[in-house]
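Visitor: take this sequence and fold it.
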Amino acid sequence: CHMGIDHDEWAMYNTSIHGALYEAESARMDWGKKLKKGNYRVPTCAYCRMQNGDHNPQRFGTIYSDMGMFQVDRGAPKHKAKRDSWIKLCQDCHSPRFAADKLKEMDAGVNLSFTKWREAAAVIVGCYLDGVVDPMPEGSAPDWYGHYTFSLLPGGDPRFYATSNLERLGLEMICYLTGNVYKAYAHMSMYNQTYGNGSAFEQDRKLVEIKTEAAKLRRFAAIEKKIGLEHKSADFWKH
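Guide: Presented below is the predicted three-dimensional model:
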């Protein structure tokens, strides 16, 4: 659940200041102590998530967002209790103002990352609406549910197999990158917020790839229309 390109929490923690201190000092820590204030110089996954003996990450702080792929206003009044509990935990080591400011940074970073995703989604869906995606849903294999629904539309099933390259690039952007921007901010990994795994810079590069693929599809469609060629998706897409 906590490693891998689509939910890379460990990398986000490990490249934060908390993670750097953990790597440097973990061999000398007394892991027999209770998960309480003053017992550890640096928080670990268990310190922040399991102090009360359970492993429910939504017990405090986090709001369900399908691994960060949905834009959620975590600072909204309706989420104040969870936000306050997150800040309270951070107060074991930090001032409440410092913790609150870091969470506001997270909100701003997540909102910015989703402006990029919305631009990408508009490009992808625009190609679908104009019928230039190759293959179109009806020309590919059915999805997990047996449907032929475009992956970014309601009822669609995003996937990496038997789908158009344009849709695959889109899924990589929202699943591998946009979701991980949130996780980088939530774990205060400055490196992965910008340069590293699932970072803002990788988002920029993926957006260029999506636009490039869309431009190619539209050029091919324009040429086919001009010469009177009716394109049909290859049969191998159906398997």
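Visitor: all helices of this protein, in order?
Guide: 9-14, 17-25, 45-49, 80-90, 96-129, 165-171, 179-186, 190-194, 200-227 (DSSP state H).
Visitor: now do the same contact list for the nearest residue to Ser140 once chain neighbours are set aside.
Guide: In space, and not counting its chain neighbours, Ser140 is closest to Trp237: 4.6 Å by Cβ to Cβ, 6 or more residues apart in numbering. In short, each C-beta sits where N, CA and C put it, glycine included. Listed by Cβ atoms under 8 Å, 6 or more residues apart in numbering, the contact partners of Trp237 are Pro135, Gly139, Ser140, Ala141, Ala162.
Visitor: can we see that at 6 Å?
Guide: Pro135, Gly139, Ser140 (Cβ atoms under 6 Å, 6 or more residues apart in numbering).
Visitor: re earlier: of the helices of the chain, which stretch is the most buried?
Guide: Comparing the helices of the chain by mean neighbour count (mean count of other Cβ atoms under 10 Å), helix 179-186 ranks first with a mean of 26.
Visitor: from Asn111, how far out is the residue most central in space within the chain?
Guide: Note on the chain: the residue nearest the mean C-alpha position is Gly179, at 0.9 Å, using Cα atoms, centre = their mean. To Asn111, Gly179 is 14 Å away according to Cβ to Cβ, to the nearest Å.
Visitor: got it, and Lys33?
Guide: The gap separating Lys33 from Asn111 is 39 Å, by Cβ to Cβ.
Visitor: how far off centre is stretch 224-233?
Guide: Relative to its chain's centre, stretch 224-233 lies at 37 Å (Cα atoms, centre = their mean, to the nearest Å).
Visitor: again with stretch 190-205
Guide: With Cα atoms, centre = their mean, you get 11 Å for stretch 190-205.
Visitor: for that stretch, list the C-alpha coordinates in CSV.
Guide: Only the C-alpha atoms of stretch 190-205 are listed here, as CSV (Å, rounded to 0.1, in the frame of the first residue of the first chain):
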residue,chain,number,x,y,z
MET,A,190,10.4,19.4,-1.0
TYR,A,191,12.4,17.3,-3.5
ASN,A,192,9.3,15.3,-4.7
GLN,A,193,7.1,18.4,-4.7
THR,A,194,9.3,19.8,-7.5
TYR,A,195,12.0,17.7,-9.1
GLY,A,196,11.5,14.1,-8.0
ASN,A,197,8.9,11.3,-8.2
GLY,A,198,5.4,12.5,-9.2
SER,A,199,6.6,16.1,-9.1
ALA,A,200,5.4,19.4,-10.5
PHE,A,201,8.2,19.2,-13.2
GLU,A,202,7.1,15.7,-14.2
GLN,A,203,3.6,16.9,-14.5
ASP,A,204,4.7,19.6,-16.9
ARG,A,205,6.5,17.0,-19.0
